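>>> Okay, here's the prediction I keep looking at, along with the sequence it came from:
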Amino acid sequence: MAAVFKLRVSTSEGRAFDGEAQKIVMRGAAGDFAVLAGHAPFMTLVKPCKCVITDADGAEISADISGGAFRVANDSATLLTGKFEKV
């Protein structure tokens, strides 16, 4: 099994994702980025884009997001966004 990290995606309507993930990919202020387990701590603004989460089982969850803020530290990541609409 691939290494995982704790991921929370919160919107104004509540939690859109709360569990373990292998990877998350989206567009930050400086361009596209991916986060895997063990990633160095950082924060960034997120632009409206398609966000792809690979969950602990390897399934992909794709969603259109409206932008927001993302933070990762200590194998835990949080995405705060106004919209998380699965596609």
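Yes, it's here. Residues are numbered from 1 along each chain as shown.
>>> Could you check how far the nearest residue to Asn74 once chain neighbours are set aside is from Leu80?
Nearest non-adjacent residue to Asn74, counting by C-beta to C-beta, 6 or more residues apart in numbering: Pro41, 7.3 Å away. Where C-beta positions appear, they are placed from N, C-alpha and C, glycine not excepted. Counting by C-beta to C-beta, to the nearest Å, the separation of Pro41 from Leu80 is 16 Å.
>>> Compare these two and say which one has the larger neighbour count.
Between Pro41 and Leu80, counted using other C-beta atoms under 10 Å, the more crowded position is Leu80 (15 against 11).
>>> Surely that one touches Ala69?
Yes. Applying C-beta atoms under 8 Å as the test, Leu80 and Ala69 come out as touching, 4.9 Å apart.
>>> and Glu20, how many residues sit next to it?
By the measure other C-beta under 10 Å, the count of residues near Glu20 is 14.
>>> Quick one: name whatever helix or strand follows the helix or strand hosting it.
Using DSSP states H and E, Glu20 sits within strand 14-28. Per DSSP H and E, strand 14-28 leads on to strand 31-36 as the next helix or strand towards the C-terminus.
>>> who are the neighbours of that next one, in terms of helices and strands?
Using 3 or more C-beta pairs under 8 Å, 6 or more residues apart in numbering; DSSP states H and E, the elements in contact with strand 31-36 are strand 14-28.
>>> Contact partners for the residue most central in space within the chain?
Closest to where the C-alpha atoms of the chain average out (C-alpha atoms, centre = their mean) is Ile24, at 4.7 Å. By C-beta atoms under 8 Å, 6 or more residues apart in numbering, the contact set of Ile24 is 7, 34-35, 51-54, 77, 79.
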